[in-house]
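*Asks:* got a sequence here, can you build the structure:
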Amino acid sequence: MANQFKHRWRSDLLTVIGLLFLLFLVFVAFLNWLLAIAGLVLVALSVLWFLLNEKQFDKEFIQYAAGLSYRLKKVGNEVLLHMPIGILLYDASERVAWCNVYVNQIADEEGKTVIGRPLNEISESLSKMIASDKESTIIAVNDRQYRVRLRRKERLLYLTDITDILEIKKQYYNEKTVVALIFLDNYDEVTQGLEDQVRSTINNESTSIIKSWASENGIYLRRTASDRFLAILNERLLRSIEEEHFSILDKVREITVPLSHIPLTLSIGVGAGTASLEDLGSYAQSALDLGLGRGGDQAVIKRPDGDVRFYGGKSNPVEKRTRVRARVISHALSELMLESDQVMVMGHRAPDLDAIGSCIGILKIAHANGRSAKIVMDQAHNVSGVSKLLDELKKQKNLWSNFIPPEQAAGQITKKTLMVIVDTHRPSLVVTPELLAACQRVIVIDHHRRAEEFIKDPVLVYMEPYASSTAELVTELLEYQPNERPLEMIEATAMLGGIAVDTKNFTLRTGFRTFDAASYLRAHGADTILVQKFLSDDLEQFNLRAALIRRATFYKNKIAIAVGEEDQTYDQVLLAQTADTMLMLEGIRTSFVIGKRTDGQIGVSARSLGDLNVQVIMESIGGGGHLNNAATQMADTTLDEAAARVTHAIDLYLEGGLS
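*Replies:* Numbering: from 1, shown residues only. Alright, predicted model coming up:
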């Protein structure tokens, strides 16, 4: 084509030159006719040469075009039939109408033709892709992987072998760097007061176990402090460790400290899924903080896509908090309140006595710092125990005036408003998530183990999973306020009620600090009789609880599951009380109570005497809580479906699939 274009351009140019030359000869003829004749002869000879050259060029071009056409046709047939890309045409009945040789080699190792055979004999995925709206998919045929592209209008399939590419991707992924931070989370606490020789022995034993584990798994380990290690590994090694559910946690826990008989526990934060070493370190530290916030004795893996996986968490956390920390947090809380123009306090939806008591405690701290404060509460979702408390609070007009509904609070929010969230750290569980999002300064005070979901960018976090209740934490903060205001009887009673509810009248998760807080509240007029009134239930509630217990059945290892009646609704507190009561029965170590709530959701309350970690089980189906006290809610489901999900989660936990 380039030669043809060049030839035409030259022909046109010569034509123009010839015309100009003829005009020049006409002009010369007037001056000298002999010279004009000589020029005319020269032009004739030039034209003759040009015509002969043009004829030869046309002949050569025709030969060239014919040869090229033959070559293209031959190569096209060769490419179509023998190129290393499968080409397949199928008919309306999804049978192979035609295919090239490569498809035969793919589908039939014996060399038999696949023409006329159904597509699903090659791969069932082909029929599924045609039935769906997919234009591309990956299928496996004879241990090879193929990328299939579909042209629906032509009923045409292209198959490209991508086995080697996938293998390279897999190898690249397996070799990606992973950073882990390992922390003996209760080393100082359990070895405190021990002789140096015993302390050194424990240190050597724990270090030896960790180093042996790292060596067996091909992990690079570097000690950075007496209780901290840095580990470098890759995705392949991490996957192997996950399959063992981080067995190192159990090995370290077997080390029992003399005298105290408290086992050492290990926490591991793992950062994975990115090539940036800086980000890996950040994810590892964040994962470790998350594990420690949940009580330690667990491994947490965090990736940039938000995927967080937990392993371990089988033991009760050892109390670490100190009064020094409570005093520091109390001082920081005062400073933040003084920098704000007002304080809003909010608990979780369907608040219990712990949430309301904690709100009242923060209200008193705000007043002690000279700041106005309001408690945001939606009374439409109150549970029975709280309703009795609210009836008493309404009698105290000065106190009750500080309780406002969410819609009123929304109109009072300013840029300098301080929002204090108590008894939860999950934004989806607060009274009004929109109100939380509107506040730029947020404080979180909670006693639950930290979940994956967490309030974004709080200015202060006081989370102590070792505490019995949030009311206990708030009571300690109140004690360290420099301008402490005396508590009214109903205020102290509400906070004591919060502690009593979460400890089941001081029988579960109680430490000496719990009784110290209760003593402080009792000294400020807390009425224990009134607390018992808040916790009491009427005859109807008692009968409902008894009916639920009668429906309980045993499941596997001393586990009791009670499922409510389909046409009966239950208060969430009633479900929790039933689960607590079932633990008092002989032969029951773990209890699950499932019932339909008044809001249409299915509520599940789980309790344990420590044999099973019900927090992990409830987290797997969208809930949370503590090792021996947890719950969840399920929407758009039935009681039977909810019971099936609970039993499936129990099975996974017992089989080691949940941790």
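
*Asks:* quick check, A332 in contact with V459.
*Replies:* No - with contact defined as CB atoms under 8 Å, A332 does not count as touching V459 (9.1 Å). All C-beta atoms are positioned from the backbone trio N, CA, C, and that covers glycine.

*Asks:* quick check, H348 in contact with S428.
*Replies:* No - shown here, H348 and S428 do not form a contact pair, counting by CB under 8 Å, at 9.7 Å.

*Asks:* point out where the stretch 1-150 of the chain drops to low pLDDT.
*Replies:* Applying pLDDT under 70 to the stretch 1-150 of the chain flags the ranges 1-36, 39-40, 43, 47, 51, 54, 57-58, 61, 63-82, 108-111.

*Asks:* which parts of it are helices?
*Replies:* Taking DSSP state H, counting those that start in this stretch as the criterion, the stretch 1-150 of the chain carries its helices at 2-29, 33-82, 101-107, 119-122, 124-131.

*Asks:* equivalent analysis for the stretch 251-400 of the chain, please.
*Replies:* If DSSP H, counting those that start in this stretch is used as the criterion, the helices of the stretch 251-400 of the chain fall at 277-293, 323-338, 353-368, 384-393, 397-400.

*Asks:* do the same with the stretch 451-600 of the chain
*Replies:* Defined through DSSP H, counting those that start in this stretch, the helices belonging to the stretch 451-600 of the chain, from first to last, are 470-479, 489-503, 512-523, 528-535, 539-550, 572-582.

*Asks:* what angle do the first one and helix 353-368 make?
*Replies:* Looking back up the chat, that one is helix 470-479. Taking axes from the mean of the first three to the mean of the last three CA atoms, to 10 degrees, helix 470-479 and helix 353-368 form an angle of 20 degrees between their directions.

*Asks:* what sits up against helix 470-479?
*Replies:* With CB atoms under 8 Å, 6 or more residues apart in numbering as the test, helix 470-479 has contacts from 323, 326, 329-330, 333, 353-355, 357-358, 361-362, 364-365, 368, 422-423, 445-447, 462, 464, 467, 484, 487, 495-499, 502, 513-514, 517, 520-521.

*Asks:* and the residue nearest the centre of the protein?
*Replies:* Note on the chain: the residue nearest the mean C-alpha position is D307, at 3.7 Å, using CA atoms, centre = their mean.

*Asks:* circling back to that earlier point, H348 and S428: which is more packed in?
*Replies:* For H348 and S428, the more surrounded residue by other CB atoms under 10 Å is H348, and the numbers stand at 21 against 12.

*Asks:* and the closest residue to that one other than its chain neighbours, which of the three is it?
*Replies:* Leaving aside its chain neighbours, H348 sits nearest to T424 (4.1 Å; criterion: CB to CB, 6 or more residues apart in numbering). The assignment at T424 comes out as coil when based on DSSP: H, G, I helix; E, B strand; the rest coil.

*Asks:* T424 touches H448, doesn't it?
*Replies:* Yes - in terms of CB under 8 Å, T424 counts as a neighbour of H448; the distance is 7.0 Å.

*Asks:* and of the helices of the stretch 251-400 of the chain, who's closest to F229?
*Replies:* helix 277-293 (11.2 Å; CB to CB).

*Asks:* in the closest one, what's buried?
*Replies:* For helix 277-293, a neighbour-count test (16 or more other CB atoms under 10 Å) marks 280, 282-284, 286-293 as buried.

*Asks:* helices or strands up against it?
*Replies:* In terms of contacts (3 or more CB pairs under 8 Å, 6 or more residues apart in numbering; DSSP states H and E), helix 277-293 is packed against strand 177-184, strand 266-271, strand 298-302, strand 308-312.

*Asks:* next SSE after the longest one?
*Replies:* From strand 177-184 onward toward the C-terminus, using DSSP states H and E, the following helix or strand is helix 187-190.

*Asks:* how far is that following helix from where the chain is centred?
*Replies:* 32 Å (CA atoms, centre = their mean, to the nearest Å).

*Asks:* tilt between the helix or strand following it and strand 177-184?
*Replies:* Per DSSP H and E, helix 187-190 leads on to helix 196-216 as the next helix or strand towards the C-terminus. On the basis of the same axes, to 10 degrees, helix 196-216 is oriented at 160 degrees to strand 177-184.

*Asks:* so where is the stretch 201-350 of the chain shaky, pLDDT-wise?
*Replies:* Low-confidence segments of the stretch 201-350 of the chain (pLDDT under 70): 256-262, 313-322.

*Asks:* ok, back up a step: among the contacts of helix 470-479, which ones are buried?
*Replies:* Here, 16+ other CB under 10 Å leaves 326, 329-330, 333, 353-355, 357-358, 361-362, 364-365, 368, 422-423, 445-447, 462, 464, 467, 487, 495-499, 502, 513-514, 517, 520-521 buried among the contacts of helix 470-479.

*Asks:* gap between S93 and N186?
*Replies:* 69 Å (CB to CB, to the nearest Å).

*Asks:* higher neighbour count, the two?
*Replies:* Set side by side, S93 and N186 give different neighbour counts by other CB under 10 Å, the larger being at N186 (24 against 8).

*Asks:* my guess is the more buried one contacts T265, does it?
*Replies:* Yes - under the criterion of CB under 8 Å, N186 lies in contact with T265, with a separation of 5.4 Å.

*Asks:* so which of the helices of the stretch 451-600 of the chain is nearest C439?
*Replies:* When the helices of the stretch 451-600 of the chain are ranked by proximity to C439, the top entry is helix 470-479, at 19.1 Å, counting by CB to CB.

*Asks:* how far out from the middle of the chain is that closest one?
*Replies:* So, by CA atoms, centre = their mean, the centroid of helix 470-479 is 32 Å from its chain's centroid.

*Asks:* look at the residue nearest to H348 and say how many residues are nearby.
*Replies:* T424, neighbours per other CB under 10 Å, totals 24.

*Asks:* surely G622 is in contact with M634?
*Replies:* Yes - at 7.0 Å, G622 counts as touching M634 under the criterion of CB under 8 Å.

*Asks:* neighbour count for those two, which is higher?
*Replies:* With other CB under 10 Å as the criterion, G622 and M634 differ in neighbour count, and M634 comes out ahead with 20 against 13.

*Asks:* distance of that one relative to R597?
*Replies:* Counting by CB to CB, the gap from M634 to R597 is 10 Å.

*Asks:* again with D571
*Replies:* In this structure, D571 lies at 8 Å from R597, with CB to CB as the measure.

*Asks:* D250 now?
*Replies:* When distance is defined by CB to CB, D250 is 38 Å away from R597.

*Asks:* quick one, which of these two is more surrounded?
*Replies:* Between D250 and R597, counted using other CB under 10 Å, the more crowded position is R597 (20 against 14).

*Asks:* residue contacts, that one?
*Replies:* Taking CB under 8 Å, 6+ apart as the criterion, R597 is in contact with 569-572, 575, 603, 633.

*Asks:* the same query, at a cut-off of 10 Å, please.
*Replies:* By CB atoms under 10 Å, 6 or more residues apart in numbering, R597 lies in contact with 350, 381, 383, 564, 569-572, 574-575, 603, 633-634.

*Asks:* would you point out the most distant pair within those residues?
*Replies:* The distance between the two most remote of those (CB to CB) is 19.1 Å, for H381 and G564.

*Asks:* more neighbours, those two?
*Replies:* G564 (23 against 16).
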